[in-house]
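>>> Sharing a sequence plus its predicted fold:
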Amino acid sequence: MRSVECVIVGGGPAGLAAARTAARHGVRVLLVDENPGLGGQYYRQMPATFRAPDHAKLGTESLEGRRLIDEVQALGVELRLDSVVWGIFDQRIVALATRDETQRIEAQTLILAPGAYDRPVPFPGWTLPGVITAGGAQNLMKGYRILPGRRVLIAGSGPLLLVVAHHLLSGGAHVAAICEAASMRQLWRYAHRLLPHLNFVQQGYRYRREIKDASVPFMTGHVIRRAVGRSEVTGAVVTHCDDQWRPVGGTELHFDVDTVVVGYGFVSSLELSRLAGCEHRYEPGLGGYVPVRNREMESTVPGVFIVGDGAGVAGSAVALEEGHMAGLTVANRLGRLLGRDHSREASRARGRLLHLAGFRRVMDGLYRFGPGLYTLANEQTTLCRCEEVTVAEALEAVRDGAGHVNEVKAWTRVGMGRCQGRMCGPALAHLIAGATGKAVADAGIFTPRPPVKPVALAALAREAS
Amino acid sequence: MTYGELRMTPTSERGRALSILVDGEAVIAYEGESLAAALLASGRRFTRWTAKSGEARGYFCGMGVCQDCLVTVDGLPNVRACMATVKDRLRVETQRGLGDWGVTP
């Protein structure tokens, strides 16, 4: 089996930053990503076959990402694109597969940067074609310059909603409304704490003004109530919500739209850190369960590091610093960056992370996730999109005594499909908690099983050395 | 339902024009586009019918996680359209249920 000094899984901001730092210090790095190109979601690039990319229109992150990718490539980092990591065995044996073959690689050090995905929130109509996530919308517009629809309602929470609206408007779509679940009443209370982060604030202000100029209603304290349509979206209904984002009856507004973009924050992708045997703990402010790490980004499994949104959702600026920090630690472990040289750089990175944490706390205060959102679904709503299990079926199992997500899975097939419960897991945990009175953390998380992403049997049958 | 032109940039700024075959119908796509992007841009909003209830599903998460935009590509079922890249003359079929593997059990 081939052995590599450092394997990094995930080519988004965290993975790229880790690769750059480690490679700069002479570490031999192998970077794996499932996508055909580097960048991840935030730094998503257009295909190389596209011409004349207008970076001004795409936002600064596209250009920033391009520079980082170019740097990583210039440093001679070995790339494995279009390659899915489908399992991790014996803590640091990485199994990856292309369409045609699989390969096991021993990672002397392993940096996981798997990122996050849009928090799935079941509501009536959420499986209709035309309901898409904010990340999915961004992927289409940033990655391929394609609009998800012509008349769009945006519902969710956080600054990303403004960015989605900006891309939609710049592409000529009609944005019917933006429903921000948070009340934003506390904005002024936080104003002074935002001062050290003016760059973020200015960008947010520019987006807000653009939305105002386009006469798009920005409705705070509103959530999606249901998506309407028979075989695809033809409308959407929104309603007021309370501070816990629980829909308040009575006040419903209907919009004629062909597309609903939903973005209620993100949850970490944990399947690889779980397969590696890392310990996790429940941190609602970071999206749910997150891996336990020390300040050098090392998990509870020696030699396995976890960085970026996959270790708790904190955004790209934090991801870059964490990736850098892990790169420093790996270079140190491998004897390429020692003593004072290492501690000086590490302490600088720690300082920057501390500065960013201040901004994070403000964002957490403003957009704190409201679990009342999980009451949007009714008994007939599909909970598990893969196995088509309804909320009622899951609740029946809970009433019969199932108290952990894995128990409900065994009884109803919820979470047993191809997505391995990534879509229904968070909602199911909240349902169990709501029905039994136990803490959400105690409802647990699904056990991931390799292959964590679908791999063709033909590829498994052919192993490269 | 028609949605008009969903591609935000002129075709001159995109990759080479290709033709893919979707349920036997020729659809224009541009080199480099994901299959999901090309299907959506052509107004095709669903990629499959589910196994149990037969309801339509399509592009949802857009990043390879949800497994809802599955299609059959060149006879191979359960390909995630959002993670596949278009190729000239790719044969794509809207998938029914778990897909037809062309083998009898």
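In hand now; what should we look at? Residues are numbered from 1 along each chain as shown, chains lettered A, B, ... in the order given.
>>> how about the helices of chain B, start to end?
Read by DSSP state H, chain B holds these helices, from start to end of the chain: B:35-41.
>>> By average pLDDT, which secondary structure element in chain A comes out worst?
Ranked by mean pLDDT, DSSP states H and E, the weakest helix or strand in chain A is helix A:55-58, scoring a mean of 66.
>>> typed the wrong thing, it's chain B
Sorting the helices and strands of chain B by mean pLDDT, DSSP H and E puts strand B:76-80 at the bottom, at a mean of 94.
>>> Show me what secondary structure element comes after the least confident helix or strand of chain A.
Heading C-terminal from helix A:55-58, the first helix or strand you meet, by DSSP states H and E, is helix A:60-74.
>>> Report how many residues lie close to residue 90.
Chain wasn't specified; assuming chain A. A:Asp90 is flanked by 9 other residues according to other C-beta atoms under 10 Å in any protein chain shown. From N, CA and C alone the C-beta is placed, and that goes for glycine too.
>>> actually it's chain B I care about, not the one you picked
Residue crowding around B:Leu90 was assessed by other C-beta under 10 Å; the count is 20.
>>> ok, it to chain A distance?
Applying C-beta to the nearest C-beta, to the nearest Å, the value for B:Leu90 to chain A is 13 Å.
>>> Identify the residue nearest that residue in space, chain neighbours excluded?
The shortest distance from B:Leu90 to any non-neighbouring residue, by C-beta to C-beta, 6 or more residues apart in numbering or on different chains, is to B:Ile20 (4.4 Å).
>>> so who does the residue of the stretch 251-400 of chain A found nearest chain B touch?
Taking C-beta to the nearest C-beta as the measure, the stretch 251-400 of chain A has A:Glu388 as its residue closest to chain B, at 4.3 Å. A:Glu388 makes contact with A:Thr382, B:Thr50, B:Ala51, B:Lys52, B:Ser53, according to C-beta atoms under 8 Å, 6 or more residues apart in numbering or on different chains.
>>> Give the rounded mean pLDDT of stretch B:55-72.
Within the predicted structure, the mean pLDDT of stretch B:55-72 is 97.
>>> In CSV, list the C-alpha atoms belonging to that stretch.
Presented in CSV, the C-alpha positions along stretch B:55-72 are these (Å, rounded to 0.1, in the frame of the first residue of the first chain):
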residue,chain,number,x,y,z
GLU,B,55,-43.3,11.2,-6.9
ALA,B,56,-41.0,13.4,-8.9
ARG,B,57,-37.7,14.5,-7.5
GLY,B,58,-34.8,16.6,-8.8
TYR,B,59,-31.9,18.8,-7.9
PHE,B,60,-31.9,19.7,-4.2
CYS,B,61,-28.6,20.0,-2.3
GLY,B,62,-26.5,20.5,-5.4
MET,B,63,-23.3,19.2,-3.8
GLY,B,64,-23.6,15.4,-3.9
VAL,B,65,-25.1,14.9,-0.5
CYS,B,66,-28.9,14.4,-0.8
GLN,B,67,-28.9,11.7,-3.6
ASP,B,68,-32.1,13.1,-5.0
CYS,B,69,-31.0,14.2,-8.5
LEU,B,70,-30.2,10.6,-9.6
VAL,B,71,-30.4,9.7,-13.3
THR,B,72,-29.5,6.8,-15.5
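>>> how about that stretch: buried residues?
Neighbour-count burial for stretch B:55-72 flags B:55-72 (criterion: 16 or more other C-beta atoms under 10 Å in any protein chain shown).
>>> same question, stretch A:270-288
Of the residues in stretch A:270-288, those buried by neighbour count under the rule 16+ other C-beta under 10 Å are A:270-276, A:278, A:280, A:282, A:285-288.
>>> And stretch A:302-311, by the same measure?
The neighbour-count criterion (16+ other C-beta under 10 Å) identifies A:Gly303, A:Val304, A:Phe305, A:Ile306, A:Val307, A:Gly308, A:Asp309, A:Gly310, A:Ala311 as the buried residues of stretch A:302-311.
>>> remind me which residues of chain B are low pLDDT?
Low-confidence segments of chain B, defined by pLDDT under 70, are located at B:1-4, B:103-105.
>>> where do the strands sit along it?
Under the criterion DSSP state E, chain B contains strands at B:17-22, B:25-30, B:48-49, B:56-57, B:70-73, B:76-80, B:91-96.
>>> circling back: which one (most neighbours) among the contacts of A:Glu388?
Among the contacts of A:Glu388, A:Thr382 has more neighbours than the rest - 24 neighbours, counting by other C-beta under 10 Å.
>>> Make TSV from the strands of chain B and add distance to A:Leu128 to it.
Conversion of those to TSV gives the following (distance: least, C-beta to C-beta, whole Å):
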stretch	distance to A:Leu128
strand B:17-22	20
strand B:25-30	22
strand B:48-49	13
strand B:56-57	8
strand B:70-73	16
strand B:76-80	19
strand B:91-96	16
